[in-house]
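Colleague: could you look at this predicted model? Sequence included:
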Amino acid sequence: MGSMPRHREEEVSEIGTDDYKPDNHDESQPLLRSAPTENYHLSFSAAPSRADSFHIECPAPRAHNSTKVPSWHVIYKVSWTWELLGISLVYFVEGFLDMNYLAVQYFLKDTLQLSPAAAGYAETLIYLPWDLSILMGLTTDTLPLLGYHRKAYMLLVGLLGCCCQLLLLTTHSYLPAIVLLMTQNVCEAWTQVIADAVVVKLSQGQDQDVAAFYQALSWGTYTLGALMSGWVGGMLLGSTGPTGPFLVAAGGLFLDACCALLIHEHPEQARRAQRRAAQQRQRQKQRQQGKSGGWGWGISGVLAGGSS
C-alpha cells in the first residue's frame, strides 16, 4: 500500500506595512503591497501532486466614522427662547450680587457699630437662609402661588428683596437691619432655587450634550456676573459706602422680578385639566384593549368547543 500524501502547512510571515518579496521575484514587476492599516496573514501549502501555492487571508474592512459632528454644533440643537434668556439674566444677577457680601460687612461695622463678635453672630443669622434652600424648593414644588409654581414665586421674592434693600438705606438699628438682611437673603436664595428648577425643566427630554450646555450656560453667566462684581463692587464701595452696592442689589432683584415674566409656565388648573384628560384617554384605551381581548378569548373558546 502506498502511503497517504502528506500536506504541510507552513506559516511564512505576518505582513503589516512591509512588502512581501519572494525569492524568484522579477525586478521589473511591482511588489505586492499591503494596506497600511490592516494585517494580512500569508501562508502556503505544498503537496506532492501539485506545485507550491499560497493564499492570503485578508481581514474584513473596518468601518470608519467620517461624519463626526463637532462639539460646538450643539448650539444649533438648543432652543433659544425668551425663557432661556430670562434664566441666564437671573444667574448673571446672582453672580453680580456677590458685591453685597462686602457691603454688608462694612454696614455692620461702620453703620451699626458692631464688635467683631457681634458682627460674626449677625452674619450667621443673615446667611442662614442659604442653608434652607431645600425647603424653598419643596415649597415651590408642592404649593402653587396664584396657580403657578415658578413665575409667581420669582415675581414675589424679587419685589420683596428689592424693597428690603431699599429699606436698608434708612435703617440704623440692629434688629430691623438683621431682619431686613435675612429677608433679602431669603429672596436671593429663593430666586436661585427657582432658576435651578427651570434649568432642570429645560433639560428634561433633551440630549445629553444639550443638557450639559444648559448647565454650562448657567454657570458661565453666573461666573461672568461674579467677575464684574469683583471689579465694580470694590470701587463702588470705596466711593459711596454701602449705599451704592445696596442700590445696585435692589436693581438686580427688581430685574429678577421682571425675568419672572419670561418664564413659560401654565397655570396649575390648566395642568390639572391636561393630566385629567391624559388619564381619561389612558383609561379609555385600556377599556378598548380589554374588550378586544375578551372577544378574542370568546372566539377562541367557541372554536375550541366546536373542534372537540
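Modeller: Sure thing, it's come through.

Colleague: where do the helices of the stretch 51-200 of the chain begin and end?
Modeller: Here the stretch 51-200 of the chain has its helices, by DSSP state H, counting those that start in this stretch, at 82-96, 99-106, 116-126, 133-142, 151-167, 174-203.

Colleague: let me fix that, I meant to ask about the stretch 201-308 of the chain.
Modeller: 208-240, 243-259, 268-307.

Colleague: reformat these as JSON lines; add mean neighbour count and distance to Cys162.
Modeller: All C-beta spots, glycine's among them, are computed from the backbone N, C-alpha and C. Output for these, formatted as JSON lines (neighbours: other C-beta atoms under 10 Å; distance: least, C-beta to C-beta, whole Å):
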{"stretch": "helix 208-240", "mean neighbour count": "16", "distance to Cys162": "17"}
{"stretch": "helix 243-259", "mean neighbour count": "21", "distance to Cys162": "4"}
{"stretch": "helix 268-307", "mean neighbour count": "10", "distance to Cys162": "26"}
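
Colleague: nearest to Tyr153, of those helices?
Modeller: helix 243-259 (10.6 Å; C-beta to C-beta).

Colleague: could you check the angle helix 174-203 makes with the closest one?
Modeller: 40 degrees (axes from the mean of the first three to the mean of the last three C-alpha atoms, to 10 degrees).

Colleague: and the contacts of helix 243-259?
Modeller: For helix 243-259, the surrounding residues in contact (C-beta atoms under 8 Å, 6 or more residues apart in numbering) are 86-87, 89-90, 93, 96-97, 99-100, 102-103, 107, 154-155, 157-159, 161-162, 165-166, 168-169, 184, 187-188, 191, 233, 236-237.

Colleague: thinking again about what came up before, got TSV for the helices of the stretch 51-200 of the chain, with mean pLDDT and distance to Pro245 too?
Modeller: Listed next are the helices of the stretch 51-200 of the chain as TSV, based on pLDDT from 0 to 100; distance: least, C-beta to C-beta, whole Å:
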stretch	mean pLDDT	distance to Pro245
helix 82-96	92	10
helix 99-106	90	4
helix 116-126	92	15
helix 133-142	91	23
helix 151-167	94	9
helix 174-203	93	12
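
Colleague: so can I have JSON lines of those showing distance to Trp219?
Modeller: Compiled in JSON lines, these are given as follows (distance: least, C-beta to C-beta, whole Å):
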{"stretch": "helix 82-96", "distance to Trp219": "8"}
{"stretch": "helix 99-106", "distance to Trp219": "19"}
{"stretch": "helix 116-126", "distance to Trp219": "25"}
{"stretch": "helix 133-142", "distance to Trp219": "17"}
{"stretch": "helix 151-167", "distance to Trp219": "19"}
{"stretch": "helix 174-203", "distance to Trp219": "10"}
